[in-house]
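Asker: Just to be clear, the model below is a prediction. Sequence and coordinates:
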Amino acid sequence: MKKSCKVSIIMPSLNVAKYIDECMQSALGQTLAEKEIICVDAGSTDGTWEKILSYADNTVYKGKIVPLQSGIKSYGYQINLALRAAVGEYIAILETDDYVASDMYEQLYTIGVANNADFVKADYDTFITYPDNKRLFDHIMLFKDDKGNYGKVLNPGRNLYLYTNDHNIWKGIYKKQFLLDHGILLNESIGAAFQDIGFTQQVLAKAKKAVYINKSFYRYRIDRKESSINSVEGLKYAYWEFSRLLENDWLREKIIYLDGFYSHMAQSFLCELIKAVRATKYNAVSEHVEPYYRWFKDQILYAIDKNLLSIELYQLYPHLQSIFENIHEFCLRLKDEDLSQKEKKEKFLNSIRDKSVILFGLGTYGNFTIRYLYDHDISILAGCDNNKILWNTKKFGIYVYSPSECTQKFSGCTYVIANKKSRQEMYKQLLDLGVDKKNISICL
């Protein structure tokens, strides 16, 4: 019988040889000593499995890594296989194209034990790696507008905010006995997409004690084209998850908070529908759109008609009603909006191409703008911001000056304003500092 440990780190893999070393090193380098790393590979052909075995066979790591092979290419099956083999008091999931901070599992475990929590989660950072190996990170907060929820013991069972906003299963740890007691497993559908929906619904429904902390440990890669977040099949995958929850009697009994369930369903439907419509060139009758659109429409309208939820979904998601009324008109309207936005973006890019660019605004929208400019091969010379805390520091890899110092130091440069709320005030501020209006552009 295997000796128990504090945290079992489950690492599912399939053809991630390019990323597995960084991921594995971050798991092995955890400050938490009492851990096991369970690697479940689903038949990689790019050398991933061989790399896993080389770590497992290394005398330095002997006994710390459990290599398993899955005969089924299913993310859910891989996780469930590892869950059954795990001996940790808590379970963690680390996707093998990502990596984690060295103290992640020690900190989460300490909080979990101190509060006897069913699960503990933290914030995380998304990141993109550019050809020059520069990485751009974006800090994602769960409770951006209500930070008082951090550090508290919450009962998530009827917390609408959590149902509609907390969908990532890899940013925390889960008590194994809690999962076993409630029979919580992932859907074993083929592929690696959206199985977290059913898992999250069950966890939120059954957990009595949950703790969220306002630290970021997990580094989530968003630039891998093979990732399920970039898939045209998203609407189908979401259908698989929600239909399973409704049609399986044993799972259906776990859905005790219908407001949260249907709100999450509507949110997932809208997000994936728009992706699918764009990917199919706005074709409402595409096989990737039409059958799943009809199913979601029927389910959500039925819930509204039968008063199965008390919230006003049309207030939460304004697009929902127009989509249900006429999907074809919605597709045409989305196409026109996208075309108009594309023309505006091209005009903006042409106005700053081959110029020395200064970014004015290093907040959330500034991060988005940096990614957009880098994706279009436009380099950024420096940044400036009205936030004094940022002056003479680096943010998103860019050195930040005060606006007055920046305009004195860099003459003749083009300033790109990256702020939605205060763009007009910032435009006037640059004019007052002597910047010619022809050298000021506003990012869309």
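Answerer: The structure has been received and is ready for your questions.
Asker: Any stretches of the stretch 1-150 of the chain with poor pLDDT?
Answerer: 1-2 (pLDDT under 70).
Asker: Swap in 90 and give it another go.
Answerer: 1-3, 62-63, 129-136, 138, 145 (pLDDT under 90).
Asker: just the stretch 201-350 of the chain next, same as before
Answerer: For the stretch 201-350 of the chain, the stretches flagged by pLDDT under 90 are 223-232, 256.
Asker: now the strands for it?
Answerer: 210-221 (DSSP state E, counting those that start in this stretch).
Asker: remind me, longest helix of the chain?
Answerer: If you go by DSSP state H, the chain has its longest helix at helix 327-352.
Asker: Quick one: name whatever helix or strand follows that helix.
Answerer: Downstream of helix 327-352, the first helix or strand assigned by DSSP states H and E is strand 357-360.
Asker: can I get the CA coordinates of the next helix or strand after that next one in PDB?
Answerer: With elements assigned by DSSP H and E, the helix or strand that comes after strand 357-360 is helix 364-375. Extracted in PDB, the C-alpha atoms of helix 364-375 (Å, rounded to 0.1, in the frame of the first residue of the first chain):
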ATOM      1  CA  THR A 364      -6.100  46.000 -17.800                       C
ATOM      2  CA  TYR A 365      -6.800  47.600 -21.200                       C
ATOM      3  CA  GLY A 366      -3.200  48.400 -21.500                       C
ATOM      4  CA  ASN A 367      -2.300  44.800 -21.200                       C
ATOM      5  CA  PHE A 368      -4.800  44.000 -23.900                       C
ATOM      6  CA  THR A 369      -3.300  46.700 -26.100                       C
ATOM      7  CA  ILE A 370       0.200  45.400 -25.700                       C
ATOM      8  CA  ARG A 371      -0.800  41.900 -26.800                       C
ATOM      9  CA  TYR A 372      -2.700  43.400 -29.700                       C
ATOM     10  CA  LEU A 373       0.300  45.500 -30.800                       C
ATOM     11  CA  TYR A 374       2.800  42.600 -30.400                       C
ATOM     12  CA  ASP A 375       0.500  40.300 -32.400                       C
END
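Asker: picking up where we left off before, and the longest helix of the chain, how far out from the chain middle?
Answerer: Per Cα atoms, centre = their mean, to the nearest Å, the displacement of helix 327-352 from the mean C-alpha position of its chain is 25 Å.
Asker: Distance of residue 424 relative to residue 373?
Answerer: Applying Cβ to Cβ, to the nearest Å, the value for residue 424 to residue 373 is 21 Å. Any C-beta I mention is one placed from the backbone N, CA and C, and that applies to glycine too.
Asker: the more surrounded of the two?
Answerer: residue 373 (19 against 11; other Cβ atoms under 10 Å).
Asker: Skipping its backbone neighbours, what lies nearest that one in space?
Answerer: In space, and not counting its chain neighbours, residue 373 is closest to residue 380: 6.2 Å by Cβ to Cβ, 6 or more residues apart in numbering.
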